[in-house]
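>>> Give me coordinates for this.
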Amino acid sequence: MQSGKQRKPKKKPSLILLAVSVWVVNGILVLLLLVFADDFIRKNEYVNLLYGSASPQKTLTTQNGNLKLAQSLQNSATAYPESTYTYTPFTSTTVSTTTSQPTATSTPTYVSLSATFNSVISTDTPTVIPVIIFEPTLMPGVPNVIGFSVEGRPLEVYRFGDGIIKRMVVTGIHGGYEWNTIALADEIILYLSEYPDVVPPDITLYILRALNPDGEARDHWIYGRANSNGVDLNRNWDAQWQPEWGGAGCWNYLELTAGTHPGSEPETIALESFLLTRQVEALISYHSAGLGIFPGGYPQDPTSISLAASLASVSPYEFPPVNTGCKYGGQLADWASANGISAVDVELTNHGDTDFEINQRVLKVFLNWRKSTE
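Predicted coordinates for the structure are as follows:
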């Protein structure tokens, strides 16, 4: 007889355990499939929204800024109170007005909010940029509408202070892709509402919290960067504008355009009008993320360089900024500098944080910075 314990036979995997394993593997595969399918669907919905034959925005991409402005105002009629502006139905692609007609080389015709809708439109000529001047007094600490997006969303400006020197902060030019700049604007608005004395007596500060509200509403990632005509609004300004831009370091996650011509978009038209008519002296355009502080101008404007250096002295934002190799054109800060406005692009640290404490210091320096008299 052999001594010792007998070896127990190995147990075969139960059918239940096998079934559970198969179910788990299948679940993981289905989950991965849904993730990729969602990305594919979202991308195609975005493309269809901007360029699809069923999209009402497609016709707008073939028209000039005048008709885009008309359509954006028309779209707003049902979405926002009539008290916001005076509205007269738009019925014709050829608009006759009783106001004087600007030419490509003349000063644009300005009209107020109390004017009729038809007098907002100049002529159906791509080289003529119509502008709107809204009621002369902006209420402090509350949203004031200065224009409308392609889809009819209001462009809201908040005013703080009542000094003779005008400063402006613009956020959300890239919509939901840079949503944290809009969140920063909201934090600054709340902060100044609670501490209005932060604004020096000789300063008026304007804050435009979202230049691209359509993109912000569409998506909080790459599909939210352009406006609803597929235009990158920071490539649409009349400053070294180019229909295409290149360079290894350029943003290239989606195929966007710079517009049919400089200032083709209603958002650009509205802000350009506001900056010029309010005689803004200095501007911060917030972006994300991580590249530093960019002075405006080609070549860079000396006063914009001075402003950039001052802001960099109280922040971790790099100056000179990171050179990615991209050949930028049609940018807001460059247009502003060309029009006598000291301007900088300030890039937040990342795409998720507002850097509020940092930008409290930046705001204080911005409000107290003065142009050199030399």
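
>>> Would you quantify the distance from V198 to I341?
In this structure, V198 and I341 are 22 Å apart, going by Cβ to Cβ, to the nearest Å. In this view, the C-beta of every residue, glycine as well, is placed from N, C-alpha and C.

>>> which of the two has more neighbours?
Higher neighbour count among V198 and I341: I341, with 24 against 17, using other Cβ atoms under 10 Å.

>>> What mean pLDDT does stretch 357-374 get?
Per-residue pLDDT values over stretch 357-374 give a mean of 91.

>>> got it, and stretch 218-231?
In this model, stretch 218-231 has a mean pLDDT of 96.

>>> Can you give me the buried ones in it?
Buried residues in stretch 218-231, counted by 16 or more other Cβ atoms under 10 Å: 218-220, 222-231.

>>> Over to stretch 320-327?
For stretch 320-327, the neighbour count (16+ other Cβ under 10 Å) marks P321 as buried.

>>> show me what contacts the residue lying closest to L307 once chain neighbours are set aside?
Leaving out its chain neighbours, the residue that sits closest to L307 by Cβ to Cβ, 6 or more residues apart in numbering is S342, at 5.0 Å. By Cβ atoms under 8 Å, 6 or more residues apart in numbering, S342 lies in contact with 281-283, 296, 301, 303-304, 306-307, 336, 371.

>>> how about a cut-off of 6 Å?
Contact analysis of S342 by Cβ atoms under 6 Å, 6 or more residues apart in numbering lists 282, 303-304, 307.

>>> ok, so of the residues you listed, who is nearest V145?
Checking the contacts of S342 against V145 by Cβ to Cβ gives A282 as the nearest, at 23.3 Å.

>>> So that closest one sits against R167, correct?
Yes - A282 lies in contact with R167 (Cβ atoms under 6 Å); the separation is 5.1 Å.

>>> Now for this structure, the helix or strand with the poorest mean pLDDT.
Scoring the helices and strands of the chain by mean pLDDT, DSSP states H and E places helix 58-61 at the bottom, with a mean of 26.

>>> give me phi/psi at the closest residue to T354 other than its chain neighbours?
Leaving out its chain neighbours, the residue that sits closest to T354 by Cβ to Cβ, 6+ apart is L184, at 4.0 Å. Reported as degrees, to the nearest 10, the phi and psi values for L184 are phi -60, psi -40.

>>> How many residues are close by L184?
L184 has 25 neighbours, counted by other Cβ under 10 Å.

>>> again, but for V25
Neighbour tally, V25, other Cβ under 10 Å: 10.

>>> Please enumerate the strands of this protein.
Under the criterion DSSP state E, the chain contains strands at 144-148, 154-160, 165-170, 203-208, 282-288, 293-295, 342-348.

>>> From N26, how far off is A336?
Going from A336 to N26 by Cβ to Cβ gives 57 Å.

>>> any idea which of the contacts of S342 is closest to N252?
Proximity of these to N252 (Cβ to Cβ) peaks at S304, which lies at 26.8 Å.
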